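Undergrad: Sequence unavailable; structure follows:
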């Protein structure tokens, strides 16, 4: 057990306390976390908007600056994975189940339920629904993931530091990060990761259950969801056990193939010409309103502010809470790439795929709603299956979607298991299989326990609350990385002379 750090034991203790509270007093747990989450959204919404916008600016600067030539590793290192496999892993770890869960439901909600511009069921609401979906799943989130991942990859592969969040702050705090303060930073990262992935497992199980119910009449409830999570847990532990170069890489490639296949089916069987026209128009609108959306807090419009808290601020906090897990994984698979290549790949490729996905699914769903199909009245997890029911080959497409959700489910979980293993073993690039097994079982147990007491919403609130202190870590990372990159560039120039 010498390879296991104190971060493992401390985080396990905190998880037991949080889950125990949720089980013993679920109503109180939901109420208290809900109150804190609402306070964070209203008091720090402006801060989240500013932080992610600053990260976009910094990432664009790194692409075009001399820093872009620095390699994440030794100057002779080459990328471990092909570009296609690399992008597939970014896409699978960063978005996964969320695309299937919200692909049709979010644009439809902005169009027919609650709009940022106050209009519903109008052409303007149609355009706004797609534009806001682009904003929530586009450049900002990938810039944030990219920056945190870049910090981790630079210090781990270029400077030889352990693959820990605390290692990225050493240029500021020095050896203090090897003591209790470093443990605190790493515990926060592991706690957010464990709960964030457990929440996703819960949502994934609910959606798979809904799809199986819709197609085959499988009952909806904790028994079915227990069976789903059990099967998926076995599969992702096997994948995580086999390592990055086998299980996770192969599954990520499968995800990309299935996602593209599902996307092509929706484009062909849906309103094809309108999808392409809406993509061009919405992409232009997204770019034209990019700065305004990035900083808008609606201080004088309470109704619009309510929408902002429910959507944009919620998403920004959600993405920050996912940053430790997704960024650690992105960093791990990015050794050997230059900063310029890394940033362009992380920010551009997933954004293009995500925005086109929302256009295809959102446009098809809104057109079905306009034709009289009451999709907006359905539960979020059912919207996509109800949409497929309006299309030719609906059952076949739904089966493909369920397989894709399960594959995303497994990839996200085994990626997280790998990352949690790293963080619990002093940043080891090959964490012990026993630790990965413990984290795999624990993530599934958290999801199952909280599903059984209807505690997923409270769990969601918990990780959004955890995003606030971690956002301060990201702020410190900005100063730490820029300081380290400046020193590295001076060192490179001195070597050349």
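TA: Ah, there it is. Just so it is clear, the structure is predicted and the values come from calculations on it, not from any experiment.
Undergrad: quick one, what contacts the nearest residue to residue 102 once chain neighbours are set aside?
TA: Distances taken as C-beta to C-beta, 6 or more residues apart in numbering place residue 380 nearest to residue 102, at 7.4 Å, with adjacent residues excluded. The way it works is simple: take the backbone N, C-alpha and C, and place the C-beta from them, glycine included. Residue 380 makes contacts with 101, 102, 105, as judged by C-beta atoms under 8 Å, 6 or more residues apart in numbering.
Undergrad: Columns secondary structure on top of those, output as a markdown table?
TA: Below are those laid out as a markdown table (DSSP: H, G, I helix; E, B strand; the rest coil):
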| residue | secondary structure |
| --- | --- |
| 101 | helix |
| 102 | helix |
| 105 | helix |
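Undergrad: Take those and write them to CSV, including neighbour count, pLDDT and distance to residue 310.
TA: Below are these laid out as CSV (neighbours: other C-beta atoms under 10 Å; pLDDT from 0 to 100; distance: C-beta to C-beta, whole Å):
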residue, neighbour count, pLDDT, distance to residue 310
101, 22, 83, 16
102, 24, 89, 13
105, 25, 94, 14
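Undergrad: Quick check: of those residues, which lies closest to residue 346?
TA: Nearest to residue 346 among those: residue 102, at 20.9 Å, using C-beta to C-beta.
Undergrad: what about residue 476, neighbour count?
TA: 15 (other C-beta atoms under 10 Å).
Undergrad: quick one: it from residue 5, how far?
TA: Using C-beta to C-beta, to the nearest Å, residue 476 is found at 21 Å from residue 5.
Undergrad: Helices along the stretch 301-450 of the chain, start to end?
TA: 302-308, 314-332, 339-370, 380-389, 394-423, 433-452 (DSSP state H, counting those that start in this stretch).
Undergrad: one step back: which of the contacts of residue 380 lies at the shortest distance from residue 430?
TA: Nearest to residue 430, judged by C-beta to C-beta, of the contacts of residue 380 is residue 101 at 32.7 Å.
Undergrad: Tell me where the model's unsure across the stretch 1-150 of the chain.
TA: For the stretch 1-150 of the chain, the stretches with pLDDT under 70 are 1-2, 93-96.
Undergrad: Now distance to residue 180 and mean pLDDT too, for the helices of the stretch 301-450 of the chain, in JSON lines please.
TA: Formatted as JSON lines, the helices of the stretch 301-450 of the chain follow (distance: least, C-beta to C-beta, whole Å; pLDDT from 0 to 100):
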{"stretch": "helix 302-308", "distance to residue 180": "38", "mean pLDDT": "86"}
{"stretch": "helix 314-332", "distance to residue 180": "19", "mean pLDDT": "86"}
{"stretch": "helix 339-370", "distance to residue 180": "32", "mean pLDDT": "94"}
{"stretch": "helix 380-389", "distance to residue 180": "42", "mean pLDDT": "90"}
{"stretch": "helix 394-423", "distance to residue 180": "16", "mean pLDDT": "84"}
{"stretch": "helix 433-452", "distance to residue 180": "22", "mean pLDDT": "82"}
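Undergrad: can I get those helices in a markdown table with distance to residue 189?
TA: Output for these, formatted as a markdown table (distance: least, C-beta to C-beta, whole Å):
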| stretch | distance to residue 189 |
| --- | --- |
| helix 302-308 | 27 |
| helix 314-332 | 4 |
| helix 339-370 | 19 |
| helix 380-389 | 29 |
| helix 394-423 | 6 |
| helix 433-452 | 13 |
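Undergrad: and residue 30, which of these is closest to it?
TA: Per C-beta to C-beta, nearest to residue 30 of those: helix 433-452, 10.4 Å.
Undergrad: Beyond the closest one, next helix or strand please.
TA: helix 456-496 (DSSP states H and E).
Undergrad: and that following helix, how far out from the chain's middle?
TA: Its chain's C-alpha centre and that of helix 456-496 lie 17 Å apart, by C-alpha atoms, centre = their mean, to the nearest Å.
Undergrad: same check, this time on stretch 108-126
TA: Taking mean C-alpha positions (C-alpha atoms, centre = their mean), stretch 108-126 and its chain are 25 Å apart.
Undergrad: which other residues reach that stretch?
TA: Residues contacting stretch 108-126 (C-beta under 8 Å, 6+ apart): 128-129, 132-133, 278, 303-304, 307-308, 310-311, 362, 365-366, 369-370, 375-376, 383.
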